[in-house]
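> here is my input, please return the structure:
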Amino acid sequence: MLARRAARPQRVALAGVCVLTALGAAILGVLMTQNGGGNFAALAALCGANAALEVNATALALSFAAWTAMALVMMLPGASPMLLTYAEIADTAAAKGAAAASPLVLAAGYLAVWVAFALVASGVETVISPQIPPDSASAIIALSGILFLAGLYQFSALKHACLARCRRPFAFFFANWSDSAAGVFRLGLRQGVYCLGCCWALMLLMLAVGAMNVVWMAGLAAIMAAEKLTRGQMLPRLVGAALVTAGVVFLVLNAPLARAAVG
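Have a look, this model is predicted:
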């Protein structure tokens, strides 16, 4: 009896969110403790070109691990209402004797999209970051540009269309219900794409501030979750205005360096 109750879809969904989020946090914790442990660039300089290739591969693997862990920590809590909505419908179906796939299948489809995003982001970070010194004028211009882009995207029609899909998971599942594992995995993929369309620009900020910046990670995760849990366009627009303003202020305060970079 206890095992049957523990296996109910809603409990499985909630446990899955908690376990996977904790796993992501644990991976980030390990990566943070190792972050200053080795100077890969110095090792490459000492050992030659072959070592440089190995260092690049190691850097890509570590960056991919960090971005994947961030996806678990930042995106899963905001996706929990969607997962629990599916689990509630699956629970009702199971109570009536109908077939229903585990919510973990839905979560797997959702996370597959963000793992793909993590792969792209880690590739960009590995290739571009070494070319832009952290305190350089180029870094100032890049950060300002990303702030502008993320802020302006908050006002776009695509952002609001994807956000609307994220906010109404019940209607989505009701219209597209499937009782097969493959069908539910595809539903997870579609929900992941909607979430990516909603949040990619905000996640892009992590490229600028550092993939393991805990303060930004927590702040952006809270903003993305709040956008999905609220109604109306006030919050996304306020966030967009704040990001555009931050981009302007940051660029003005660092105008001498920015002019030197383009001059």
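
> which pLDDT value belongs to Gly183?
You'll see Gly183 listed with a pLDDT of 94.

> distance of it relative to Ala93?
Distance, Gly183 to Ala93, by CB to CB, to the nearest Å: 13 Å. Every C-beta, even on glycine, is put in place using the N, C-alpha and C of the backbone.

> one more: Arg190?
19 Å.

> how about Val30?
Val30 is 39 Å from Ala93, by CB to CB.

> ditto for Val12
Relative to Ala93, and taking CB to CB, Val12 is found at 14 Å.

> more neighbours: which of those two?
Val12 (19 against 16; other CB atoms under 10 Å).

> just give me the neighbour total for the residue lying closest to that one once chain neighbours are set aside.
Closest residue in space to Val12, ignoring its immediate chain neighbours: Pro103 at 5.6 Å, by CB to CB, 6 or more residues apart in numbering. Counted with other CB under 10 Å, residues neighbouring Pro103 total 29.

> surely Pro103 meets Glu88?
No - here Pro103 does not reach Glu88: they are 9.6 Å apart, not a contact under CB atoms under 8 Å.

> now the closest residue to Ala99 other than its chain neighbours, what's its secondary structure?
Excluding the flanking residues, the one nearest Ala99 by CB to CB, 6+ apart is Asp179, at 4.3 Å. At Asp179 the chain is in coil, as set by DSSP: H, G, I helix; E, B strand; the rest coil.

> show me the contacts for Asp179.
By CB atoms under 8 Å, 6 or more residues apart in numbering, the contact list for Asp179 reads 93, 98-101.

> check contacts around the residue nearest the centre of the chain.
Centroid-nearest residue in the chain: Ala71, 4.0 Å away (criterion: CA atoms, centre = their mean). By CB under 8 Å, 6+ apart, the contact set of Ala71 is 24, 111, 114-115, 117-118.

> who wins on neighbours among the residues you listed?
Trp114 (25 neighbours).

> isn't that residue right up against Leu196?
Yes - the pair Trp114 / Leu196 is scored as a contact, 7.0 Å apart, by CB under 8 Å.

> so Ala98 is in which element?
Remark: Ala98 resides in no helix or strand, with elements defined by DSSP states H and E.

> for ChimeraX, write the selection for the buried entries among the contacts of Asp179.
ChimeraX command restricting the contacts of Asp179 to the buried ones, with burial defined by 16 or more other CB atoms under 10 Å:
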select :93,100,101
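
> which of the contacts of Asp179 sits closest to Leu204?
Ala101 (32.5 Å; CB to CB).

> quick check: that closest one vs Ala182, distance?
Counting by CB to CB, the gap from Ala101 to Ala182 is 9 Å.

> cool, Val113 as well?
Counting by CB to CB, the gap from Val113 to Ala182 is 16 Å.

> repeat that for Val73.
The value you get for Val73 to Ala182, if CB to CB is used, is 28 Å.

> now Cys199: which helix or strand?
helix 181-209.

> helices and strands around that helix, which ones?
When contacts are defined as 3 or more CB pairs under 8 Å, 6 or more residues apart in numbering; DSSP states H and E, helix 181-209 sits against helix 49-95, helix 103-128, helix 137-153, helix 157-167, helix 169-176, helix 214-229.

> may I see the buried residues of it?
Going by 16+ other CB under 10 Å, helix 181-209 has these buried residues: 181, 184-192, 194-209.

> next one: stretch 233-240
Buried positions in stretch 233-240, judged by neighbour count with 16+ other CB under 10 Å: 233, 235-236, 239-240.

> what's the closest of the residues you listed to Val17?
Nearest to Val17 out of those is Leu235 (CB to CB; 22.5 Å).

> pLDDT weak spots in the stretch 1-150 of the chain?
1-8, 10, 34-55, 130, 132-137 (pLDDT under 70).

> repeat that for 80
Where the stretch 1-150 of the chain drops to pLDDT under 80, the residues are 1-59, 93-99, 128-141.

> right, I'll call it a day here.
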